[in-house]
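1. show me the folded form of this:
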Amino acid sequence: MKWISRFVALLTLVVALFAAVFTLPRFVGINPYIILSGSMEPKIETGSVVFINTKDKDVKENDIICFQIGEPGSEVTVTHRAIEINDGVITTKGDNNEMWDANPITKENVVGKYMTHVPKVGYLLAKINQKQKIALVIALLLANAVCFGIENLLDDDDEEDDADEKEDKA
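-> Okay, the predicted model is just below:
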């Protein structure tokens, strides 16, 4: 039974660390975004999670930036490289794209600058919705509680058996 309890505890620790890596940076303005296309390959692969510093919007040529395009309420977030900056107008391009992006942006569109990325993890995060994440946390908490309870019950039985053996020897 102890190996099951240890496995559940380890799984809980892994999930907690995973959640912390993608949640805690938000408190200091670093937001994760999932890359859904190959426009930034090979630098950033499809399915990667990029971390964007939303407090750094000082865009220079060659910076990888995250920006929003589209109508308010239906914006799309894009991560591309700033190729040219003229009078506050930023021309962008995906590293893997032949052409520059059709519509230049302004500083108001910029979400922040790229810091780093984690490959492939976005595939997993994109498949798990909020309800599934909550269900996983609840299931892990329940599994830990059950394992703890069973382990304590079994330990109490072991202590009684040890006490009985000591009395028999005396």
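
2. for the chain, what spans make up the helices?
-> Using DSSP state H, the helices of the chain run over residues 2-23, 121-127, 130-169.

3. work out which residue lies at the spatial centre of the chain.
-> Among the residues of the chain, the one closest to the centroid is F22, at 3.5 Å (CA atoms, centre = their mean).

4. that older thread, please identify which of the helices of the chain is closest to E61.
-> helix 121-127 (27.0 Å; CB to CB). C-betas here are computed from N, CA, C, even on glycine.

5. which other helices and strands does the closest one contact?
-> Here helix 121-127 touches strand 30-34, strand 49-53, going by 3 or more CB pairs under 8 Å, 6 or more residues apart in numbering; DSSP states H and E.

6. low pLDDT regions in the protein?
-> Low-confidence segments of the chain (pLDDT under 70): 1, 155-170.

7. not counting sequence-adjacent ones, nearest residue to the residue nearest to the centre of the chain?
-> Spatial nearest neighbour of F22, chain neighbours left out: P32 (5.2 Å); criterion: CB to CB, 6 or more residues apart in numbering.

8. beta-bridge partners for that neighbour, please?
-> F51 (DSSP bridges).

9. buried ones in stretch 134-150?
-> Buried residues in stretch 134-150, counted by 16 or more other CB atoms under 10 Å: 140, 143, 147.

10. tell me the contacts of the first one?
-> It refers to L140. 8, 11-12, 15 (CB atoms under 8 Å, 6 or more residues apart in numbering).

11. now the second one
-> A143 sits next to 8, 12 when contact means CB under 8 Å, 6+ apart.

12. any idea how far K131 is from it?
-> For A143, the distance to K131 (CB to CB, to the nearest Å) stands at 18 Å.
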